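**Student:** with the sequence up front, the predicted model follows.
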Amino acid sequence: MIHPSEFGALRAFAAVAEQRSFSRAAEQLGVSSSALSQLIRGLEERLGIRLLHRTTRSVSLTEAGETLLAEINPAIDGLTGALARARDAARRPKGTVRLHCFHAAADSFVVPILPQLARDFPDITLDLTIDDTVLDIVGSGYDAGIRIGEVIERDMVALRLGGDIRQLAVAAPAYIAEHGAPKTPKDLLDHRCIRWRWPGQPGPYAWEFFEQGRWFSVAVNGPLITSSRAVMMQAALAGVGISFLKEESVVDAFARGALVPLLQEWSVPFPGYYLCYPQQRQMAPASRAVIDLIRNAASDLRQPAPIA
C-alpha cells in the first residue's frame, strides 16, 4: 500500500527526471530546491535504492530510476488528465439537474429560461417534474424545487421568485345571475364551489381568507373536485360554480367580462414562489447554472396590477 505522502515524492521524482535539474523542477513545482532534494532522498531511503546520479553540474537517472519512471509516468499522466477534466467540468457545467416545480410556477419561472439554458449550457440536461405534490426534495432525489413558501422545509435555502400571490373567488355572470353572489366567505357554504385537491392530500383544499389580522379557512362544498386548476377555470367559465384561483390567471377573463371577482376585501396577497435547494458547501456547477438562470430571470418579472 502506497502512503499518501509518497505520491508527492513520486511526482517530485518525475519532475526532476523530466527537467534533469533540481532547480528547474523546484521552480515547476513551486518548492525550494532543498525541499525537493529532501523528498527525493527520503523516497530513495524508503525504496532502498538510488534513483538519480547527482553531480554539481548535472542530474541523470540510474537504471532503477529509468525503470521506476517508465512505470509511474502513465499513472501520473492519468491523474493529471483526471484533474484537468475535473477543472474543466467546473468551468463548463454539464450533467443532469433534477428540478421539482409546482404547475403554476413552471410557466413563469422555468419555461422562460429554456432558450438560454439550451444556448449557453448545451451540456446540461434539465429533468423537470411539474407537480403540485409536497414532497421531500432531497429525499426524492431532486437538486432543487420551486414551491410556495409555506411548504418549504426549514433546512433548505430559499430564494424568493417574483412577487406576492393573491387568490380570488370568481364566478361567471351566468352563475351569479342564477345563484346570487356571496357577501362574506361564510356565505360560500350555501354555494356550488369548484374544489381543488392538492396532490398527495386526503381531502380538498379549504379556501383561505383574511380578516382583522388573521387568516381563516372555509371548507366549501360543490359539484366538482379536481387536481387541475385549468379544469377549475373552464368549469367556472362554463357557470358550473365558484372557483378559487390565482389573480394573475384570471385577469384576462375579468377584462372581457367572462368572470367576476368576489369577496375581494377578504382576499389579500401572501408571499409567493421560492426556489429552494439544500444547503451545501460545494454545489455542482450544473445545478448552480440552472439556479442562477432562474433567479436572474425571476428578477425581471413584473406582477399584474390588482383588480380594482
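**Tutor:** Received, thanks.

**Student:** what's around residue 17, how many residues?
**Tutor:** 21 (other CB atoms under 10 Å). Backbone N, C-alpha and C define where each C-beta goes, glycine included.

**Student:** in the lengthiest helix in the chain, which residues are buried?
**Tutor:** Using DSSP state H to assign secondary structure, the helix with the most residues in the chain is helix 63-91. Residues of helix 63-91 classed as buried: 65, 68-69, 72, 76 (neighbour count, 16 or more other CB atoms under 10 Å).

**Student:** make a markdown table out of the residues you listed and add pLDDT.
**Tutor:** Shown next, in a markdown table, are these (pLDDT from 0 to 100):
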| residue | pLDDT |
| --- | --- |
| 65 | 87 |
| 68 | 88 |
| 69 | 87 |
| 72 | 84 |
| 76 | 79 |
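
**Student:** flag every buried residue along stretch 105-118.
**Tutor:** 105-106, 108-110, 112-113, 117.

**Student:** same question, stretch 93-106
**Tutor:** 93, 97-102, 104-106.

**Student:** quick one: contacts of that stretch?
**Tutor:** 109-110, 121, 123-132, 135, 137, 140-148, 161, 229, 246, 249, 273, 284-290 (CB atoms under 8 Å, 6 or more residues apart in numbering).

**Student:** one more time with 6 Å, if that's ok
**Tutor:** Stretch 93-106 is contacted by residues 110, 121, 123-130, 132, 137, 142-147, 273, 285-287, 289-290 when judged by CB atoms under 6 Å, 6 or more residues apart in numbering.

**Student:** quick one: low-confidence parts of this protein?
**Tutor:** 1-5, 88-91, 281, 300-308 (pLDDT under 70).

**Student:** can you pull out the helices in it?
**Tutor:** Under DSSP H, the chain gives helices at 4-19, 22-29, 33-47, 63-91, 103-105, 114-120, 173-179, 229-237, 247-255, 285-298.

**Student:** how many residues are close by residue 189?
**Tutor:** 12.

**Student:** cool, residue 161 as well?
**Tutor:** Around residue 161 there are 19 residues (other CB under 10 Å).

**Student:** what backbone torsions are found at it?
**Tutor:** phi -120, psi 130 (degrees, to the nearest 10).

**Student:** who touches it in this structure?
**Tutor:** Contacts of residue 161 by CB under 6 Å, 6+ apart are 109, 273, 275, 298.

**Student:** if you set the cut-off to 8 Å instead, what comes out?
**Tutor:** 105, 108-109, 146, 272-275, 294-295, 298, 301.

**Student:** what distance do you get for the nearest residue to it once chain neighbours are set aside to residue 109?
**Tutor:** Spatially, and ignoring its direct neighbours in sequence, residue 161 is nearest to residue 298 (4.0 Å; CB to CB, 6 or more residues apart in numbering). Applying CB to CB, to the nearest Å, the value for residue 298 to residue 109 is 6 Å.

**Student:** any common contacting residues for these two?
**Tutor:** Joint contacts of residue 298 and residue 109 (CB under 8 Å, 6+ apart) are 161-162, 275.

**Student:** and of these, the nearest to residue 171?
**Tutor:** residue 162 (26.7 Å; CB to CB).

**Student:** distance-wise, check the closest one relative to residue 142.
**Tutor:** On the measure of CB to CB, residue 162 and residue 142 end up 21 Å apart.

**Student:** for residue 211, same thing?
**Tutor:** In terms of CB to CB, residue 211 sits 37 Å off from residue 142.

**Student:** higher neighbour count, these two?
**Tutor:** Using other CB under 10 Å as the criterion, residue 211 and residue 142 rank with residue 142 on top: 20 against 12.

**Student:** the more buried one against residue 128, yeah?
**Tutor:** No - using CB atoms under 8 Å, residue 142 makes no contact with residue 128, being 10.1 Å away.

**Student:** buried subset of the contacts of stretch 93-106?
**Tutor:** Of these, these count as buried by 16+ other CB under 10 Å: 110, 121, 124, 126, 128, 132, 137, 142-147, 273, 285-287, 289-290.

**Student:** show the residue spans covered by the strands in the stretch 201-308 of the chain.
**Tutor:** Listed in chain order, the strands found in the stretch 201-308 of the chain under DSSP state E, counting those that start in this stretch are 207-211, 214-218, 224-226, 243-246, 260-262, 273-278.

**Student:** and the residue positioned nearest the centre of the chain, what is it in contact with?
**Tutor:** The chain has residue 144 as the residue nearest its centroid, 3.3 Å off, counting by CA atoms, centre = their mean. Residues near residue 144 by CB under 8 Å, 6+ apart: 97-100, 137, 275-277, 287, 290-291.

**Student:** am I right that residue 247 is in contact with residue 170?
**Tutor:** No - between residue 247 and residue 170 there is no contact under CB under 8 Å: 9.1 Å.

**Student:** the two: who's more crowded?
**Tutor:** Legend: neighbour count by other CB under 10 Å for residue 247 and residue 170, higher for residue 170 (26 against 22).
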